[in-house]
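> Would you be able to build a 3D model of this:
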Amino acid sequence: MDGREIRIKRLQDCGKTVVIAIDHGMFDGPIPAMIDLPETARKINPLVDAVLLAPGMLRHCAPLFAQKNAPLAAVRLNWNTVYCFHWNYLKAKSVYAYDVEDAVREGMDIALVSLTLNTGDELRDAENVEVFCTLVRQAHRLGIPVIGEYFPTGHLNMTPEELHKDVLAGSRIVAELGADLIKTFNTMNFAEVTGSCPVPVLGLGAEKLPRQIDALRLAAEEIAAGAGGVVFGRNAIQVDDPHAFQAALDDVVKTGISPDDAVKKYSLDS
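Got it, this is the predicted structure:
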């Protein structure tokens, strides 16, 4: 096995994958519970499979990945205006953020590369695909698997039908372009999305939900629809006891325990 195959097998051996995302500062700057990122990293339960973070923060959070049976380090390699909601950007332009070889030297185990299409500008769509394909090719050349993130343009203004149609097409495109896993939005027919891709699809946690049980129910819903795991950020960090919530999330995703039972087992505030 090469390095890429070994890393993919490690994820597959988990059955279902739980990724905790703490890369929000790459687009939002400091947000609640992610102001001091090394401190945030200490709130991550080492039983999760991977942690997604920005390239410039990998060295600052190194102790998390140095411990025995540590999570894999997933690093976001491109930057896209589509995430900058606070600046009201609408054109979804993707650019290179970090060199793959540099990220590998820093300790990256998995690359995350995002793709946004249907921007209304066919040249921009083509440029976004070029950024995506170049980073995927470079990562694979070095034995690094890639999580391909499909993020719809203007998703907050889409109807459920529009969101599903966009995610369905975009996720398959990301798979066709070489992603080893896919990270994307839950939709009104998520089973159609997961069933149309030959690689595991990881469901997002997205916006912070009012209650922890709501987040666990979202995870259970995504897994029931055929997801290969979940990627949760604010819902897994902006809580009173991140370690306990992440243990509950891991249990819901991997053992099938019900969200209600998980809340009781880990003494969460439902």
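> Pick out the residue closest to the middle of the chain.
Val231 (4.3 Å; CA atoms, centre = their mean).
> Ala215 and Pro160: what is the separation?
Computed as CB to CB, to the nearest Å, the Ala215 to Pro160 distance reads 19 Å. (Glycine included, C-beta is placed from N, CA and C.)
> These two: who's more crowded?
Ala215 (26 against 10; other CB atoms under 10 Å).
> Now do the SS call for that one.
At Ala215, secondary structure determined by DSSP: H, G, I helix; E, B strand; the rest coil is helix.
> Ok, Val18 next?
Secondary structure state of Val18, per three-state DSSP, is strand.
> Quick check, pLDDT for it.
We have a pLDDT of 96 for Val18.
> Report how many residues lie close to it.
The burial count for Val18: 26, using other CB under 10 Å.
> so it sits right up against Gly229, yeah?
Yes: taking contacts as CB atoms under 8 Å, Val18 lies within contact range of Gly229: 5.9 Å.
> show me where the stretch 101-250 of the chain has helices.
Counting by DSSP state H, counting those that start in this stretch, the stretch 101-250 of the chain has helices at residues 122-141, 160-176, 190-195, 212-224, 234-237, 242-255.
> Quick one: list the elements packing against the third one.
The contact analysis (3 or more CB pairs under 8 Å, 6 or more residues apart in numbering; DSSP states H and E) places helix 190-195 against helix 160-176, strand 201-204.
> Which of those sits closest to Ile44?
Ile44 sits nearest to strand 201-204 of all the helices and strands packed on helix 190-195, at 16.9 Å, using CB to CB.
> about what we covered before: among the helices of the stretch 101-250 of the chain, which comes closest to Leu37?
Taking CB to CB, helix 234-237 is the member of those nearest to Leu37, at 10.5 Å.
> any idea how far the closest one is from the chain center?
12 Å (CA atoms, centre = their mean, to the nearest Å).
> CA-only coordinates of it, as PDB, when you get a sec.
The C-alpha trace of helix 234-237 is given here as PDB (Å, rounded to 0.1, in the frame of the first residue of the first chain):
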ATOM      1  CA  ARG A 234     -19.700  24.700  15.500                       C
ATOM      2  CA  ASN A 235     -22.200  22.000  16.700                       C
ATOM      3  CA  ALA A 236     -19.300  20.000  18.100                       C
ATOM      4  CA  ILE A 237     -17.300  22.900  19.600                       C
END
